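> Make a model of this:
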Amino acid sequence: MTAQAADPTVFERIAAREIPATIVAETEQVIAFRDIAPQAPVHVVVTPKQGRYRDVVELAAGDPGLLAELVEVARGVADELADGQFRLIFNTGAGAGQTVFHVHAHVLAGGLEERTLAG
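Numbers count the residues shown, from 1 in each chain. Down below sits the predicted model:
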C-alpha cells in the first residue's frame, strides 16, 4: 500500500463531490462516472473512492477484494449501458498512458462494429 498523498487525487475529489461528474454507479468503496474525454460511445471510469493504490498491480497485491468489487461495478455498468459487452482497461504507468496515479479502470463499449480486435 502506498502512502496517502498530501493532496486528494482528482478521483477522490469527484467521490467527495468537490468536482462535478456524471456518476453512473456507486458503492461504499467504489465510484463510476462518465469520462470527460470519451474514447468510445460508452466510456466510464471505475475507481476506488480512496487513492491508497496507484495502479492495478498495487491494488491486486494490497486488496484483492476491492479489486473484485471494482470489476463487479464495471460489469454492472456494462450490463446497464452496453448489454454486458465491454472492454475493461487498466493503464499501469506513465509509459502505458496512465495520467492519474490513483488506480482506475476504463469501461469502454460500442463503436467497435467496424473494427476487428484480437482477443
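> Tell me the first helix or strand C-terminal of the longest strand along the chain.
Criterion DSSP state E: the longest strand present in the chain is strand 42-48. Scanning forward in sequence from strand 42-48 by DSSP states H and E, the next helix or strand is helix 56-62.
> Same question for that following helix: list its buried residues.
56, 58-59 (16 or more other Cβ atoms under 10 Å). The C-beta positions use only the backbone N, C-alpha and C, and glycine is treated the same way.
> swap in stretch 70-85?
In terms of neighbour count (16+ other Cβ under 10 Å), stretch 70-85 has its buried residues at 70, 73-74, 76-78, 81-82.
> want to throw these into JSON lines with pLDDT, distance to Arg13 and secondary structure?
Below are the buried residues of stretch 70-85 laid out as JSON lines (pLDDT from 0 to 100; distance: Cβ to Cβ, whole Å; DSSP: H, G, I helix; E, B strand; the rest coil):
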{"residue": "Leu70", "pLDDT": "98", "distance to Arg13": "18", "secondary structure": "helix"}
{"residue": "Val73", "pLDDT": "98", "distance to Arg13": "19", "secondary structure": "helix"}
{"residue": "Ala74", "pLDDT": "98", "distance to Arg13": "21", "secondary structure": "helix"}
{"residue": "Gly76", "pLDDT": "98", "distance to Arg13": "23", "secondary structure": "helix"}
{"residue": "Val77", "pLDDT": "98", "distance to Arg13": "21", "secondary structure": "helix"}
{"residue": "Ala78", "pLDDT": "97", "distance to Arg13": "25", "secondary structure": "helix"}
{"residue": "Leu81", "pLDDT": "97", "distance to Arg13": "24", "secondary structure": "helix"}
{"residue": "Ala82", "pLDDT": "96", "distance to Arg13": "27", "secondary structure": "helix"}
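> what mean pLDDT would you report for the longest strand of the chain?
In this model, strand 42-48 carries a mean pLDDT of 98.
> Parallel or antiparallel, which strands does that strand pair with?
Partners of strand 42-48 in the sheet, by DSSP bridges, are strand 30-34 (antiparallel), strand 105-109 (antiparallel).
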